[in-house]
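Asker: below are the sequence and a predicted model; questions follow.
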Amino acid sequence: MTRAVVVAAVAGVLTVSAGKPAARSGQPAPQFDLLIKNGHVLDPANNVDAVVDVAISGTKIARVAAAIDPAQARRVVEAKGLHVVPGLIDIHSHVFFGTEKDAYLSNADTAVAPDNHSFRSGQTTLVDAGGAGWRNFLQFKEQVIDRARTRVLSFINIVGSGMKGGPVEQNLADMDARLTAMRIKQHPGVIVGIKVAHYGGPEWDPVTRAVAAGTQMGVPVMVDFGNHTPPLPLEDLLLKHLRPGDILTHTYAHVTGRFPIVDESGTVRPYVLAARKRGLVFDVGHGGGSFLFRQAVPAMKQGFAPDVISTDLHTGSMNGGMKDILNVMSKFLNLGMTLPDVIKANTSRAAAVIKRPDLGTLGAGAEADIAVLNLRQGTFGFIDTGGGRFTGTQKLECELTVKGGQVVWDLNGIASPMWTALSGPAKEP
Ligand SMILES: [Zn+2]
């Protein structure tokens with residue numbers, strides 16, 4: 001493409017989106033690259049819950065304030081009636097996509113290539129939950145993390161070979177706290193925690209080794225609990241083995257081999273409430289088999305809302321009842337959580353859980369990761385992983401996603417100029 005064509009295409013954007021020519025000769029260049037106007041900003045990290053404008057310069061949030069002059073921006077998005085929130089963080093996804101046969105969620109096609117799923121549901125950060133262990137983390141980094149536009153982080157599996165399924169995940173000899181800690185030390189802020197999952201033996205060793213590595217490196221442990229023969233008590237996991245800040249995922253699951261958090265009489269177990277008081281983190285981890293309305297409805301009626309609302313994304317869950325993070329967040333809206341609380345769970349709270357407080361915020365100077373959401377009203381059906389349907393009246397939909405200042409998803413073209421304003425050959429994507 002020639003330079004002249006690039007200029008022509010950009011000039012079209014300038015004229016139409018900014019409302020008036022933004023960079024006429026003799027006038028100072030606009031100070032903002034993108035301005036999202038008149039949206040209802042929900043930014044729990046900064047206690048913002050108001051109709052204000054969000055201005056972006058380059059890759060960063062420049063300013064959040066009322067009535068920012070559109071003439072100061074190269075590109076203006078009208079977001080009246082929409083919610084403007086920090087880019088969503090999913091702390092439990094499976095994105096170690098690859099082509100290895102029979103490898104479950106570790107370099108396998110049951111996992112999802114991150115950009116194929118993230119932006120269309122307002123997500124700018126996906127945390128892979130245990131796809132890679134210390135042995136194959138570098139492959140995960142080179143193959144996925146370094147290539148994706150989505151920010152991809154990792155809970156590294158305590159199993160050195162990662163989440164390959166079957167006997168690989170049952171090998172205690174491949175669960176090494178020291179080597180796991182060494183790998184975390186090499187990638188601080190990218191490996192944000194340690195995952196324990198799927199072990200079926202009677203020992204606590206996978207948990208105790210993960211906690212040892214987590215204590216050494218100052219990162220949380222996420223546990224997918226169950227499968228043990230004989231079953232290990234959830235009470236001991238929550239009150240004896242895990243530390244404040246550690247995470248129980250699949251909170252609203254009821255599967256064989258794990259005690260559900262709501263007992264047979266419909267009451268949230270006292271030790272679950274005690275664990276919350278201790279500072280344990282309860283994550284949804286919806287997945288293909290880990291979210292039942294018959295657990296979530298009574299739990300929510302008793303005020304037991306999740307700390308973090310994650311997907312447990314993989315090809316099974318995304319095509320089942322889970323669908324995407326907004327669908328799961330919508331379930332909790334319809335179960336009684338407020339919109340600000342639902343947004344907080346997947347922005348500032350999720351960022352705090354993974355100790356990345358630089359994320360999940362629209363504070364000036366932060367990376368410009370933004371989701372613009374439409375809260376639709378109507379009659380909507382939601383499905384759990386037992387096949388049960390729940391009817392609700394609200395549903396979140398993603399209109400626009402911005403990652404590092406770049407528009408990466410624009411459902412209805414609200415950030416795009418009218419086609420009539422453009423001419424010449426198309427700009428290359
Ligand atoms: Zn998972």
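Answerer: Now that the structure is in, tell me what you want to look at.
Asker: now the stretch 301-429 of the chain against the ion: closest residue?
Answerer: Residue of the stretch 301-429 of the chain nearest the ion, by CB to the ion: residue 312 (4.2 Å). For the C-beta atoms, the positions are set from N, CA and C on the backbone; glycine is no exception.
Asker: for residue 389, see how far away the nearest residue to that residue once chain neighbours are set aside is.
Answerer: Of all residues not flanking residue 312 in the chain, residue 287 sits nearest, at 3.2 Å (CB to CB, 6 or more residues apart in numbering). Look at residue 287 and residue 389: by CB to CB, to the nearest Å, they are 18 Å apart.
Asker: what of residue 227?
Answerer: 28 Å.
Asker: and those two? which has more neighbours close in?
Answerer: Taking other CB atoms under 10 Å, residue 227 and residue 389 do not tie; residue 227 has more neighbours (18 against 10).
Asker: the more buried one and residue 196 touch, don't they?
Answerer: No: using CB atoms under 8 Å, residue 227 is not in contact with residue 196, being 11.2 Å away.
Asker: quick one, what contacts residue 212?
Answerer: residue 177 (CB atoms under 8 Å, 6 or more residues apart in numbering).
Asker: hang on, it is in a helix, isn't it?
Answerer: Yes: assessed with DSSP: H, G, I helix; E, B strand; the rest coil, residue 212 lies in a helix.
Asker: tell me how far it lies from residue 154.
Answerer: Counting by CB to CB, the gap from residue 212 to residue 154 is 19 Å.
Asker: the residue nearest the centre of the chain is in what secondary structure piece?
Answerer: Central residue of the chain (CA atoms, centre = their mean): residue 90, 1.6 Å from the mean position. Assigned by DSSP states H and E, residue 90 belongs to strand 88-93.
Asker: what's the following helix or strand after that strand?
Answerer: strand 123-133.
Asker: quick one: average confidence on the helix or strand just after that next one?
Answerer: Next helix or strand after strand 123-133 toward the C-terminus (DSSP H and E): helix 137-140. Mean pLDDT, helix 137-140: 98.
Asker: and helix 137-140, how far out from the chain middle?
Answerer: In terms of CA atoms, centre = their mean, to the nearest Å, the centre of helix 137-140 is found 20 Å from the chain centre.
Asker: cool, and stretch 273-290?
Answerer: 16 Å.
Asker: list the buried residues of it.
Answerer: Within stretch 273-290, the residues that count as buried by 16 or more other CB atoms under 10 Å are 275-276, 280-290.
Asker: check stretch 232-241 too.
Answerer: 232, 234, 237, 238, 241.
Asker: residues in contact with the last one?
Answerer: It refers to residue 241. 204, 207, 208, 211.
Asker: residue numbers of the chain in contact with the ion?
Answerer: 129, 312 (CB under 5 Å from the ion).
Asker: helices of the chain, start to end?
Answerer: 3-18, 137-140, 177-186, 205-217, 234-236, 270-278, 293-301, 315-318, 325-334, 339-345, 348-353 (DSSP state H).
Asker: name the nearest residue to the residue of the stretch 51-200 of the chain found nearest the ion, ignoring sequence neighbours.
Answerer: For the stretch 51-200 of the chain, the residue closest to the ion is residue 129, as judged by CB to the ion, at 4.8 Å. Nearest residue to residue 129 in three dimensions, chain neighbours excluded: residue 92, at 4.5 Å (CB to CB, 6+ apart).
Asker: might you report the residue contacts of that neighbour?
Answerer: Per CB under 8 Å, 6+ apart, neighbours of residue 92: 127, 129, 155, 222, 249, 283, 284, 285, 310, 311, 312, 313.
Asker: recalculate using a threshold of 7 Å.
Answerer: 127, 129, 249, 283, 285, 310, 311, 312 (CB atoms under 7 Å, 6 or more residues apart in numbering).
Asker: likewise for residue 314?
Answerer: 94, 105, 110, 111, 112.
Asker: run a quick neighbour tally on the fourth one.
Answerer: Read that as residue 111. 25.
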